[in-house]
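Student: Only the shape, not the letters, is given here:
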């Protein structure tokens with residue numbers, strides 16, 4: 001077989017793939033988009049779960065672009081099972097916020113005290129404050145066997161909707177919008193709130209609006225909830241390791257230290273010069289920090305300030321006046337808690 005001559009050039013289709021095998025072989029990376037690549041990675045790295053919003057409205061054209069990005073997501077069997085319920089009504093947003101508050105209290109009751117307090121402190125007012133709410137739904141009324149790919153993985157339609165959420169989130173970030181994904185709902189309660197029919201499932205509530213914060217790092221990392229795992233911890237080559245040791249507990253800063261570790265930290269502190277109980281609640285907090293293995297601090301500048309209030313001369317202090325001077329000198333020597 002001979003190649004087409006200059007007199008009869010290779011036909012190029014007006015629809016479909018215009019490239020030839022020779023072109024693809026000559027430049028395997030020719031499909032790359034180098035002018036957009038850095039921007040894409042920057043948007044991915046800068047995506048944040050935003051909790052605080054301004055009341056300014058989102059223009060319709062911007063909203064349409066974000067929704068169109070969600071609609072461009074990949075879906076199993078090209079089924080496009082996602083549906084986006086855009087909630088503008090303040091009363092509906094208020095009712096949704098009540099549902100999240102109720103569920104937050106319910107979940108906090110089952111957590112360790114420290115984790116429960118942090119959960120209750122999390123900012124979820126975006127459900128009320130964001131000018132728009134988007135309830136992402138999955139229409140599961142088509143039988144799984146009728147969708148290419150779902151007969152073997154019936155939940156692939158839900159995964160498709162999760163991919164749509166990621167597209168929405170990245171598009172919102174590129175537009176300068178904030179988005180937060182709230183799943184502190186009972187699914188049936190959220191479905192009832194927006195009138196979903198049977199077999200249309202919800203994946204949660206998305207808050208959307210102009211952010212009233214510009215977080216430099218993910219919120220739950222900044223709140224001490226957990227850390228991002230290194231890439232090496234989530235990549236496996238060829239097959240699952242036989243000796244993986246079972247699932248590890250998620251790395252969370254909120255897990256309370258064991259009682260023995262707290263007492264051990266207190267015993268260690270007692271070997272140093274410190275007025276017992278002088279810091280009140282802070283004493284107990286320091287014991288817990290040390291028990292969690294976070295007592296060592298490196299770098300930075302320590303400014304040590306010490307003084308006695310004049311009222312100490314009236315004999316109302318639990319310790320003699322000289323203790324302040326002794327503790328300050330011991331701190332300089334590295335043998336004092338503070």
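Tutor: Nice, I can see it. Here the structure is a predicted model, which means the values were calculated and not measured.
Student: which intervals of the stretch 151-300 of the chain have sub-threshold pLDDT?
Tutor: 223, 248-259, 261-300 (pLDDT under 70).
Student: Assign residue 204 to helix, strand or coil.
Tutor: The three-state assignment at residue 204 reads strand, by DSSP: H, G, I helix; E, B strand; the rest coil.
Student: Could you report the neighbour count for it?
Tutor: 18 (other CB atoms under 10 Å). C-betas here are computed from N, CA, C, even on glycine.
Student: That one and residue 190 touch, don't they?
Tutor: Yes: shown here, residue 204 and residue 190 form a contact pair, counting by CB atoms under 8 Å, at 7.5 Å.
Student: list residues touching both of these two?
Tutor: residue 135 (CB atoms under 8 Å, 6 or more residues apart in numbering).
Student: where along the stretch 101-250 of the chain do the helices fall?
Tutor: Per DSSP state H, counting those that start in this stretch, the stretch 101-250 of the chain carries helices over the ranges 113-121, 126-129, 156-175, 187-193, 219-222.
Student: Sort out which residues of the longest one are buried, please.
Tutor: Right, the one you point to is helix 156-175. For helix 156-175, burial by neighbour count (16 or more other CB atoms under 10 Å) applies to 156-158, 160-161, 163-165, 167-175.
Student: same deal with stretch 140-159?
Tutor: Applying 16+ other CB under 10 Å to stretch 140-159 flags 140, 144, 147, 149-150, 156-158 as buried.
Student: how about these, which pair is most distant?
Tutor: 140 and 149 (14.1 Å; CB to CB).
Student: Correct me if wrong: residue 161 contacts residue 134.
Tutor: No: here residue 161 does not reach residue 134: they are 11.9 Å apart, not a contact under CB under 8 Å.
Student: Please name the residues that touch residue 171.
Tutor: 65-66, 69-70.
Student: at 6 Å what do you get?
Tutor: Residue 171 sits next to 66, 69 when contact means CB atoms under 6 Å, 6 or more residues apart in numbering.
Student: From residue 66, how far off is it?
Tutor: Per CB to CB, to the nearest Å, residue 171 is found 5 Å from residue 66.
Student: Next, count neighbours for residue 79.
Tutor: By other CB under 10 Å, 18 other residues sit near residue 79.
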